[in-house]
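Novice: any chance you can model this:
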Amino acid sequence: MRTRSARHSNGANLLFLDGHAGWQTTVARRNLDLAAP
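Specialist: Numbers count the residues shown, from 1 in each chain. The predicted model follows:
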């Protein structure tokens, strides 16, 4: 039961990190668009 709980927690952390990375990519792309001549 403890293993199942840890696995679920790790899955949630991976989803959170993936979403955060996507947000950073979106911001970086927007900054590049604004900096383009």
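
Novice: Val27: how many residues sit nearby?
Specialist: 10 (other C-beta atoms under 10 Å). The C-beta positions use only the backbone N, C-alpha and C, and glycine is treated the same way.

Novice: buried residues, whichever strand or helix holds it. List them.
Specialist: Per DSSP states H and E: Val27 is located in helix 2-35. Residues of helix 2-35 include none that count as buried (16 or more other C-beta atoms under 10 Å).

Novice: could you give the average pLDDT over it?
Specialist: Helix 2-35 carries an average pLDDT of 74.

Novice: and it, what does it pack onto?
Specialist: On a contact count with 3 or more C-beta pairs under 8 Å, 6 or more residues apart in numbering; DSSP states H and E, helix 2-35 meets no helix or strand.

Novice: quick one: distance of that helix to the chain centre.
Specialist: 1 Å (C-alpha atoms, centre = their mean, to the nearest Å).

Novice: and for stretch 26-37?
Specialist: 19 Å.

Novice: got the CA coordinates for that stretch in CSV?
Specialist: What follows is stretch 26-37, C-alpha atoms only, in CSV (Å, rounded to 0.1, in the frame of the first residue of the first chain):
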residue,chain,number,x,y,z
THR,A,26,5.6,29.2,-23.8
VAL,A,27,7.1,32.2,-22.0
ALA,A,28,10.4,31.7,-23.7
ARG,A,29,8.8,31.5,-27.1
ARG,A,30,6.7,34.6,-26.4
ASN,A,31,9.8,36.5,-25.4
LEU,A,32,11.6,35.5,-28.6
ASP,A,33,8.6,36.7,-30.6
LEU,A,34,8.7,40.0,-28.9
ALA,A,35,12.4,40.4,-29.4
ALA,A,36,12.2,39.5,-33.1
PRO,A,37,12.7,42.5,-35.5
